[in-house]
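Asks: Here's a sequence, model it:
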Amino acid sequence: MPAVSVDLRKLLLRDRLEGHSIRQIARQYDLSHNGVHRILKLHEQRGTLEPKQQRHGPVSSWASRERELRDAVEATPDATLVELGARLGMSKSVVDRALRALNITRKKKRSTLRSRTVPM
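Replies: Down below sits the predicted model:
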């Protein structure tokens, strides 16, 4: 169900206080019965028609160390994830997720010379 504006929530409450059934209100405003019921129930419980504050997940464990991570990659761009993790005290998977989230790429040294053959 898309977000319902505060203005529409006020109309729902007004109609309910005027004695209309939840089904009638839902049909009139093209909303689901459960959606109207939920909005009215939340108004009874909280005393306001304002939507609930959105919850977001926990802050990443590496978020406070972003600058340190960027400096470490800049200082040793050819370090592996395990080496970066050991240097920063993080696991390999945390370093990998952090680098992906920050859109940081790591330069890898070639262990062998490039082939001298030219594609045709």
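
Asks: Enumerate the positions of the longest helix out of those in the chain that are buried.
Replies: Among the segments of the chain that qualify as a helix by DSSP state H, the longest is helix 33-46. Using 16 or more other C-beta atoms under 10 Å as the test for burial, helix 33-46 gives Gly35, Val36, His37, Ile39, Leu40, Leu42, His43. Every residue, glycine included, has its C-beta placed from N, CA and C.

Asks: ditto for stretch 9-26
Replies: Of the residues in stretch 9-26, Arg9, Leu12, Leu13, Asp15, Arg16, Ile22, Ile25, Ala26 count as buried by neighbour count, 16+ other C-beta under 10 Å.

Asks: CA atoms of that stretch as CSV?
Replies: Output of stretch 9-26 as CSV, limited to C-alpha atoms (Å, rounded to 0.1, in the frame of the first residue of the first chain):
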residue,chain,number,x,y,z
ARG,A,9,-5.8,10.3,7.0
LYS,A,10,-7.8,13.3,8.4
LEU,A,11,-10.6,12.6,5.9
LEU,A,12,-10.6,9.0,6.9
LEU,A,13,-11.0,9.9,10.6
ARG,A,14,-13.6,12.5,9.9
ASP,A,15,-15.7,10.1,7.9
ARG,A,16,-15.3,7.4,10.6
LEU,A,17,-16.4,9.9,13.3
GLU,A,18,-19.5,10.8,11.1
GLY,A,19,-20.5,7.1,11.4
HIS,A,20,-19.4,5.6,8.1
SER,A,21,-18.2,2.0,8.2
ILE,A,22,-14.6,1.2,7.4
ARG,A,23,-15.7,-0.7,4.3
GLN,A,24,-17.5,2.3,3.0
ILE,A,25,-14.5,4.6,3.7
ALA,A,26,-12.1,2.1,2.0
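
Asks: Could you pull up the mean pLDDT of that stretch?
Replies: Average pLDDT, stretch 9-26: 94.
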